[in-house]
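>>> Predicted structure and sequence below. I'll ask about it afterward.
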Amino acid sequence: MAGGGSWVRRSRSRLADVFNGEALLVAGFAAANVALSVGANRLLTEVTPPKLLGDLYLFTNLALWLTLPTATGFVYVTHHWSIAREGGVTTRLMRGLAVGQILQGVIIVVGVGAMRLTEDLVATTSVAIALGLSALGTALAQAYGPIPAAERRRLLVGFLGLLGGPGRQIALAVGVILLSIGSASGLLWTQSTYLVAIGAATLGAAIIVHRATRSDGGTSISSRSQISLRAFLAYSAPNLVTVLATQLATTSERWGLARLQDTTATALFVQAIGLASAGTGSLGGVFTGYFYPLVTQAAAKGEDPIGAARKELRHFVGSTSVAMFVTTALGTVLAKPLLPLLFGSRFSGVGDLLPWAVAGAATFTVGQALTVVLFVGREPLWPNVARIVAQVAYAACLIAYRPAVDPALQYVRIYAAGQVLYVVLLLAAIAALRRRRSWAHG
């Protein structure tokens with residue numbers, strides 16, 4: 001009897017740990033993000049022709065090529081803010097980010113100028129300026145977004161997530177309705193202006209959080225050595241190749257479909273992947289947003305990071321995997337019945353793509369959870385190797401494949417297969433890490 005009572009008390013304690021106010025706040029914002037994303041996407045696809053959105057997606061792809069340095073450093077900031085906090089060197093990290101953004105700005109200016117010289121890509125100076133602004137806003141959000149997230153400022157992070165997700169779609173739709181935008185360049189200017197505002201808001205939030213939690217004057221040699229240019233380059237170099245491979249895959253998708261058919265096919269594909277990623281990403285974000293700071297904080301306090309964060313890692317990966325399995329099953333059954341609610345009539349072709357897109361996006365979300373195990377185990381190379389191999393294989397298949405009919409459907413099937421390959425490679429890397437840890441502690 002006493003044993004049964006003990007089991008009940010332990011169960012209640014575990015439920016209290018999971019369903020606390022912080023977790024419910026994260027879940028609430030995730031639910032709001034999904035609901036608003038669905039509504040915003042429905043509005044956007046109702047008022048915007050597929051070809052116009054397809055043209056915008058090609059411009060967006062060009063802008064993302066300009067933000068590769070910041071995208072490379074995103075993982076470094078995410079994993080090292082807690083280290084800087086523990087070691088009392090957060091100001092050192094903030095100064096490094098400022099220098100990095102100045103260099104990023106130079107790259108954007110040079111890149112936009114080079115694109116303008118190639119008139120087939122950027123036909124007017126106006127479009128070139130808009131591309132540069134879009135890249136600038138994106139870079140600021142990527143560089144400084146991890147800071148409030150690492151400090152578990154749930155409310156602030158939640159609002160920034162809403163603004164950066166469904167808020168962008170709403171801004172585009174409002175631009176089309178109120179300004180009667182009928183060109184891709186007009187849509188690009190609307191998006192660029194909005195992204196700069198989001199980037200500035202993220203920068204402001206990071207500065208406020210840093211001032212509120214500043215811990216300077218640390219003497220930890222380990223922390224200071226990890227928050228340095230040399231450490232950044234060593235940690236981020238593998239991720240640079242990953243970012244390049246991912247951008248290559250994205251470019252192959254969007255420009256490949258535009259070449260095989262037209263930008264309407266690009267729009268259908270991006271809409272399917274975008275909605276699937278928004279749904280699975282928001283749901284996975286509940287677990288990532290809640291568990292990730294707990295994992296990094298626990299790992300920073302032990303000589304054996306994986307051992308110190310074992311419980312948090314198990315809860316994180318297990319919860320994410322179960323949620324994604326359920327999401328894939330529901331996506332397969334409900335995709336077509338919900339299509340009229342999710343998209344305007346001009347985007348009905350998304351219905352055949354959506355089940356595959358959900359399966360692929362859910363698998364990718366599981367993969368992202370698995371990478372945390374490797375990063376916590378101080379293995380920054382293998383998560384990148386897995387992603388690089390999977391993305392290069394995916395891009396190679398898209399480039400070589402010449403589907404006779406319905407290229408968008410064939411592309412999304414290859415996309416799902418590519419995510420399965422990604423997860424298989426990560427599991428192999430984790431198994432190898434476990435063997436090495438067993439030998440080291442044996």
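Good, I have the coordinates. Residues are numbered from 1 along each chain as shown.
>>> Can you list the buried residues in the longest helix anywhere in the chain?
Taking DSSP state H as the criterion, the chain has its longest helix at helix 263-299. Residues of helix 263-299 classed as buried by neighbour count (16 or more other Cβ atoms under 10 Å): 263-299. The C-beta positions use only the backbone N, C-alpha and C, and glycine is treated the same way.
>>> residues in contact with stretch 418-428?
Stretch 418-428 is touched from outside by 249, 359-361, 363-364, 366-367, 370-371, 374, 382-383, 385-387, 389-391, 393-394, 397, with contacts defined as Cβ atoms under 8 Å, 6 or more residues apart in numbering.
>>> List buried members of those residues by neighbour count.
Here, 16+ other Cβ under 10 Å leaves 249, 359-361, 363-364, 366-367, 370-371, 374, 382-383, 385-387, 390-391, 393-394, 397 buried among the contacts of stretch 418-428.
>>> can you pull the contacts of the residue nearest the centre of the chain?
In the chain, the residue lying closest to the centroid (Cα atoms, centre = their mean) is residue 281, at 7.9 Å. Applying Cβ under 8 Å, 6+ apart, we find residue 281 in contact with 361, 365.
>>> ok, and the closest non-adjacent residue to residue 122?
Computed as Cβ to Cβ, 6 or more residues apart in numbering, the closest residue to residue 122 that is not its neighbour in sequence is residue 115, at 4.5 Å.
>>> name the element the one you found belongs to?
Using DSSP states H and E, the element containing residue 115 is helix 90-117.
>>> what packs against the helix or strand just after that helix?
Counting by DSSP H and E, the next helix or strand C-terminal to helix 90-117 is helix 125-144. Secondary-structure packing of helix 125-144 (3 or more Cβ pairs under 8 Å, 6 or more residues apart in numbering; DSSP states H and E): helix 50-65, helix 68-87, helix 90-117, helix 184-213.
>>> Give me the subset of the buried ones among the contacts of stretch 418-428 lying in helices.
Per DSSP H, the buried ones among the contacts of stretch 418-428 map to helices at 249, 359-361, 363-364, 366-367, 370-371, 374, 382-383, 385-387, 390-391, 393-394, 397.
>>> What sits closest to residue 176 if chain neighbours are left out?
Nearest non-adjacent residue to residue 176 (Cβ to Cβ, 6+ apart): residue 47, at 4.8 Å.
>>> For the one you found, give me its contacts.
Shown in contact with residue 47 (Cβ under 8 Å, 6+ apart): 173, 176, 177, 344.
>>> same question, residue 177
Residues near residue 177 by Cβ under 8 Å, 6+ apart: residue 47.
>>> Do I have it right that residue 269 meets residue 406?
No. In this structure, residue 269 is not within contact of residue 406 by Cβ atoms under 8 Å, at 10.8 Å.
>>> quick one, domains of this protein?
Split into domains by automatic domain parsing, the chain comes to 18-227, 234-442.
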